[in-house]
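S.K.: Got a predicted model here, sequence first, then my questions.
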Amino acid sequence: MRLRSSGLAAMAGAVLVVGATGCDRSTSGAQKPSAEGAIGIDLPRDDSDFWRAYEQYVRKGVAAQAIRTLPITASHNREDELRSNVQGFEQANAKAVVIAPQATYVTDVLLGELFRRGVSVVSVDTEPEHGEVYMAVRANNVDYGTKACQFLGAQLKGKGKVAELQGALDSINAYDRSRGFSTCMKEKFPGVQVIELGTDWKGDVAAAKLQSTLAANPDLGGIYLQAGGVFLRPTVSVLQQQGMLKPAGQPGHIAVVSNDGIPQEFDAIRKGDIDATVSQPADLYAKYALFYAQAAVEGKAFKPGPTDHQSTIVALPNGLEDQLPVTLVTKDNVDDKALWGNNLGK
């Protein structure tokens, strides 16, 4: 489905509000409607299978819908590169930008400049803590941690030890996932000891910390991976090296639940190397990032409430957020053809 004109309005349904001045912003930053404005897209990183999948969906969506974009850039998880790329979009007179700032606490100056220039910002997967956003497209990351906790707590029958491979806690996603996991464990499974391992989203750091944790805690019963795209391979490798990679259902198996929903995780579930993952929708992230960017270019606005794509738009202090649904994937539904991880590349 194309995202322009009547197709766009039909998709937005119950939450779309169209006004003469487009987005409901202050006069100085008001976005003037323009169906001809170019969109700037920055890819945040390429060191994760999840983000590589997201890139595929973005490029496919741009091509399929003939969306007018500036040359797509990549910031490689570097704040200075993101800033430089966005400045390039500004100089090229972009009307909207799609970004995924990884350090969400340092966005004030960057987004402030875009706002002053009347450039609408769509933030994917992350929620900038400072500066106005037209729309954040992400899932409820607290729910990721909660779902992982509920699964692991049940697997361990409420007792034992779990290691949590956290991302960078200066990232809102890692912070929210950690908060959801910790709160759930304390409230629902107080008999489970959580060993928190900060990794800064780095696989080599995760491998080293997991190896030392296993040496000190040979009775470890579970592992929570906050990002399978970064942590799956090093986790499986370490467990293999330690002779602790037992198939699910066999004595000595360490229960593993992940976040992402990439094909590699699905294969690991089928093999019994891990037990579950919480699928974050890379396909929908790309689809609705482009959808909202084009809506911004066309001067459309939205309000909080349910959408017609099974999500909910919520109000942020600095904008709006479309919270897309997530799915817990286990051996029972891993072959579901509706999951994006079973359709990548098709």
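M.R.: Nice, I can see it.
S.K.: tell me which element the nearest residue to residue 252 once chain neighbours are set aside falls in.
M.R.: Spatial nearest neighbour of residue 252, excluding adjacent residues (Cβ to Cβ, 6 or more residues apart in numbering): residue 246 at 4.4 Å. Quick note: C-beta positions are derived from backbone N, CA and C, even for glycine. Using DSSP states H and E, residue 246 sits in no helix or strand.
S.K.: Would you map the helices across the stretch 1-150 of the chain?
M.R.: Assigned by DSSP state H, counting those that start in this stretch, the helices in the stretch 1-150 of the chain fall at 5-12, 49-65, 79-91, 108-116, 141-155.
S.K.: which residues sit in contact with the residue nearest to residue 252?
M.R.: For residue 246, the contact set (Cβ atoms under 8 Å, 6 or more residues apart in numbering) comprises 252, 253, 254.
S.K.: Outline the domain layout of this protein.
M.R.: Structurally, the chain divides into domains by automatic domain parsing as follows: 5-138+281-325, 141-279.
S.K.: Out of the ones you listed, which gets the lowest mean score?
M.R.: In terms of mean pLDDT, the lowest-scoring of the domains of the chain is domain 5-138+281-325 (a mean of 84).
S.K.: Hmm, residue 120 is touching residue 99, no?
M.R.: No: if you go by Cβ atoms under 8 Å, residue 120 and residue 99 don't touch, sitting 11.3 Å apart.
S.K.: Can I get the domains of the chain in a markdown table including distance to residue 343?
M.R.: Shown next, in a markdown table, are those (distance: least, Cβ to Cβ, whole Å):
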| stretch | distance to residue 343 |
| --- | --- |
| domain 5-138+281-325 | 7 |
| domain 141-279 | 9 |
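S.K.: out of these, nearest to residue 331?
M.R.: domain 141-279 (5.8 Å; Cβ to Cβ).
S.K.: thinking in terms of the whole chain, how far from its middle is that closest one?
M.R.: The chain centroid and the centroid of domain 141-279 are separated by 17 Å, computed with Cα atoms, centre = their mean, to the nearest Å.
S.K.: Offset the numbering so it begins at 437, please.
M.R.: New numbering, starting at 437: the last item is domain 577-715.
S.K.: roughly how far apart are residue 615 and residue 578?
M.R.: According to Cβ to Cβ, to the nearest Å, residue 615 and residue 578 sit 6 Å apart.
S.K.: likewise residue 638?
M.R.: In terms of Cβ to Cβ, residue 638 sits 23 Å off from residue 578.
S.K.: Name the stretch among the helices of the stretch 437-586 of the chain that sits most buried.
M.R.: Comparing the helices of the stretch 437-586 of the chain by mean neighbour count (mean count of other Cβ atoms under 10 Å), helix 577-591 comes out on top with a mean of 23.
S.K.: Not counting that helix itself, show me its contacts.
M.R.: Under the contact criterion Cβ under 8 Å, 6+ apart, helix 577-591 has outside partners 598, 608-609, 612-621, 624-625, 628, 657-658, 660, 662, 691, 693-695, 711-712, 714, 716, 762, 764, 766.
S.K.: List buried residues within those.
M.R.: With burial judged by 16 or more other Cβ atoms under 10 Å, the buried subset of the contacts of helix 577-591 is 598, 608-609, 612-614, 616-617, 620-621, 625, 628, 657-658, 660, 662, 691, 693-695, 711-712, 714, 716, 762, 764.
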